[in-house]
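Engineer: give me coordinates for this.
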Amino acid sequence: MTRARADVTNLEVDLRGYQSRHVDVSGSLAQAKEEREGLERRVAECAAVVTARHGELQAARLSEQEALEQGRTLLGDFRTLQQTISEQDRKVAKLSAQLGLLEQMQSRLEGFSDAAKAVLRGELAEAMPAGKAAALADLVTVTDVTIAAALETILGAASEAVTLDNAEFLPGIVAQMGERQLGRAVFQVEAPPAARTGSAAPGWLRPATTAVQSKSPAHARLVSNLFDGCYVCPSLGDFIRWWRANPDFEFFLVATTEGDLIDRRGLVFAGRPRKAAAGGAGSGVFSRESEIRSVRANLETENDQLTTFNEQAMGLQAAMDANEAELGQRRGATQFAAQELSVAQADERAGRATLSSADERIAREQRLLNELDAAKAEAVIRRDRAQETLTVKYTQVAELREAITTGETSVETARAESELRRTALGEARLSLAEQRQRLELVGREVAELESRRTEAAIRLSARRSEAAQNERQVAELRALSATAKETSLRLAGEIEVATAALAVVRKELSATDAAVEAEDRILAVDREKLRVIDTRLRGLEVALAEQTSQCGFLVEKVQADHQLEVASVDWRLQLWLADGEPDGLAGFDDLEDPEEKESERRPAKAPTHRGEPTAEDLAALDATDWPPLVREISELRDRMAGMGSVNLVAVEEYSSLRERHDFLTKQSDDLWKAKEELTKAIDELNQTSLKLFTDTFEQVRKNFQFTFERLFDGGRADLQLVQGEDVLESGIEIVAHPPGTKLRGISLLSGGQRTMTAVALLFAIYMVKPSPLCVLDELDAPLDDTNVGRFTDIIREFTRYSQFLIITHNKRTVSAADAIFGATMQEKGVTRLFSMRFNKERDQAEPTQPGGFTMAR
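Structural biologist: Here you go, the predicted structure:
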């Protein structure tokens, strides 16, 4: 029964513990769910932020792509415009060269005879003062260029006529021409106008005077006389047929727009003349003048167009620069948006990881709560079972006590009957004595039964017997009770037999009754004491059961945690040893990091050797103050729990990692040392390279200024370093300012100017470090005649130091060479090589045999 009580008590204690833990776990679960709801809101907010950041990133990328596409479009337009500028530049250069050639031919009086040239140049000063003669082309302006060829046909040889201010100079001029053998020349002097009569000219027959005008009013009469009686018609056949129909028509010359000519004599000059060499004597003065005006007008138009293109290029360049800046800003915005998106995604991932941890915690708490519910239900079942067992035990004890009470009642009844029969007992005292002895025997048997009941209770409290043994004991007690009842019945029969004898001894029994009453009072007091002791015993049994259960739990925990038997541990010895250093701690001193700072190391306790404890030391531990020790143990357990599980191979792993760390540290030190040496060597090389580059750059810069001024006959040029962090990696900008132009970048120069600038830079570099031989491949291709002359001049100067091999198709460059080598194809598929050396002293060319010549320098 005591064990059943202890089981019920333990189960109730466990049930209360389950309820307490259930409350704690329920509170923790509710808190975890609240935290999870907050985390869900936070994850939703992070997801919204990620979506917004993603949209911003897409918008930034789209904006960047738009700027990039705009930049590509601008770059394509700029490149197209650059090509257009290059083509326009070539057109301008071509027109400039053409205009220069025409003006040069005009200034050299190409197409005039030697006599006319001498008169116009003022070489016949003895016959006529200078400035008194002028070329006919300088006096006449053709207003209709469509009939310029017809007008030249009308003039014929007179197109080379020289107009004299005074006809009196003519005899002297003719005499001087004869003396100098200058040949023939055509002169024009003022003549009176001729009177015209006869048929009037039809509308399709145009007077030549209507297509020309005088450049000066003073020469109007001369121009009028020059084309007087001359007409222009569209068809020669039409005029001949009309002339036959109108023979009285007076004219001097009639020319067609196709170049045919008919005079008053009926002579017809038809056909097309052979083409003369370009710019040769066959070129008409009117055509040349018209061509000069046309080329000059075209040149002005092309220059204006080139200026417009350059302005557009500068505008596109500014737009490209602005687009580049805008693209940089948009790229920065894209990078910033990407960073913001990465941060938002990291926050979202962290929130989801925390939410996953919260879900795991909720699941863990829910599992623990379910386990507690299951354990609680199991404890309730076990408690109910123990309660039922205890109820059964209480019923059995009640039955035993009822049996004892029944026996006592029987005894009292027997005593009452014995009082009625005391008078009959006098006669049978011996029998009564025997009966008393038997009664004492019954009393001893009753006492023995009481003793057995007590022993059964003790056995129950000590948990030494099980329910089956209790049942057997109850069965034995019931058997004894039945035996007692049989004995009581038997004694009742005997008492009835001896009733008569009891009456005799009633008086004697009075004293005995008094003694029995006294003993009954003493027995009542003893029974009360027994009840109090039984109550205390039950309380002690409950406390003992609780302490026994706790001790069993502690024994199991010590066995599971430390693999020790509690019975074999001397707590005094262990408590005394706890004040010293643990064994094996000194072995970790070798694992200290040698690079750890001395200030960061914790001062180690000096190891103390206390030896073995004495009896006095162990006896002094009985007075230990346990609450502080319990708190210290609790703190140490919390710290150990916070450290996690123990890594049993940590020392070996640390030693291996320590060796690896030392090896890598050594390698790292070697690498750092090598890096410092390489850095030092690189710095020395950079300093040397910087000095050499600076000196060479300054020398090339000075040479470039000299060669540029030499090639352009003036102007200004410079080489500038583009600002950068490293001079050796910075770019070089060429600034060219040809004479008569504004300062501008080399990209805006014409093709010839850029070529001459490149030649100046080439020779500037060549002056710093010349070589014995230099090959130039068609370097003069984009140059006009003037620039070719400057180019050959500077080449001729540098031939003092080097020998030049030039591949060229320019005649002026060829004429400046000391020797030429070429190939001709006189027949198809047959190539002939030739070479020629120029003799500067005799100004003659000397042919040489292939392979047998030497170059003159």
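Engineer: break down the stretch 251-400 of the chain into its strands, ranges please.
Structural biologist: Counting by DSSP state E, counting those that start in this stretch, the stretch 251-400 of the chain has strands at residues 253-256, 261-263, 268-269.
Engineer: give me the helices and strands touching the first one, please.
Structural biologist: So the one you mean is strand 253-256. helix 148-155, strand 230-233, helix 236-245, strand 261-263 (3 or more C-beta pairs under 8 Å, 6 or more residues apart in numbering; DSSP states H and E). All C-beta atoms are positioned from the backbone trio N, CA, C, and that covers glycine.
Engineer: a markdown table for the ones you listed, including mean pLDDT, distance to Arg296 and mean neighbour count?
Structural biologist: A markdown table is the format used below for these (pLDDT from 0 to 100; distance: least, C-beta to C-beta, whole Å; neighbours: other C-beta atoms under 10 Å):
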| stretch | mean pLDDT | distance to Arg296 | mean neighbour count |
| --- | --- | --- | --- |
| helix 148-155 | 72 | 16 | 23 |
| strand 230-233 | 88 | 26 | 24 |
| helix 236-245 | 83 | 34 | 14 |
| strand 261-263 | 82 | 30 | 18 |
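Engineer: look up how far Arg790 lies from the nearest residue to Thr792 once chain neighbours are set aside.
Structural biologist: Computed as C-beta to C-beta, 6 or more residues apart in numbering, the closest residue to Thr792 that is not its neighbour in sequence is Ala816, at 3.8 Å. From Ala816 across to Arg790, the span is 11 Å (C-beta to C-beta, to the nearest Å).
Engineer: could you do Ser634 as well?
Structural biologist: 104 Å.
Engineer: could you check which of the two has the larger neighbour count?
Structural biologist: Taking neighbours as other C-beta atoms under 10 Å, Ser634 and Arg790 compare with Arg790 leading, 16 against 10.
Engineer: find the helix or strand that that one is a member of.
Structural biologist: helix 785-798 (DSSP states H and E).
Engineer: alpha carbons of that helix, as CSV, please.
Structural biologist: Provided in CSV are the C-alpha atoms of helix 785-798 (Å, rounded to 0.1, in the frame of the first residue of the first chain):
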residue,chain,number,x,y,z
ASP,A,785,52.2,70.6,-106.0
THR,A,786,53.1,73.3,-103.5
ASN,A,787,53.2,70.9,-100.6
VAL,A,788,55.1,68.3,-102.8
GLY,A,789,57.8,71.0,-103.3
ARG,A,790,58.1,71.6,-99.5
PHE,A,791,58.1,67.8,-99.0
THR,A,792,61.0,67.3,-101.5
ASP,A,793,62.9,70.2,-100.0
ILE,A,794,62.9,68.7,-96.5
ILE,A,795,63.8,65.3,-98.0
ARG,A,796,66.7,66.8,-99.8
GLU,A,797,67.9,68.3,-96.5
PHE,A,798,67.7,65.0,-94.7
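Engineer: what's in contact with that helix?
Structural biologist: Helix 785-798 is contacted from outside by 97, 100-101, 707, 710-713, 752, 755-756, 759, 763, 766, 770, 779-780, 783, 804, 806, 810, 812-813, 816, using C-beta atoms under 8 Å, 6 or more residues apart in numbering.
Engineer: pull out the buried residues from that helix.
Structural biologist: Neighbour counts over helix 785-798 (16 or more other C-beta atoms under 10 Å) mark Asn787, Val788, Arg790, Phe791, Thr792, Ile795, Phe798 as buried.
Engineer: who does Phe187 form a beta bridge with?
Structural biologist: Applying DSSP bridges to Phe187 yields these beta-bridge partners: Val162.
Engineer: many thanks, we can stop here.
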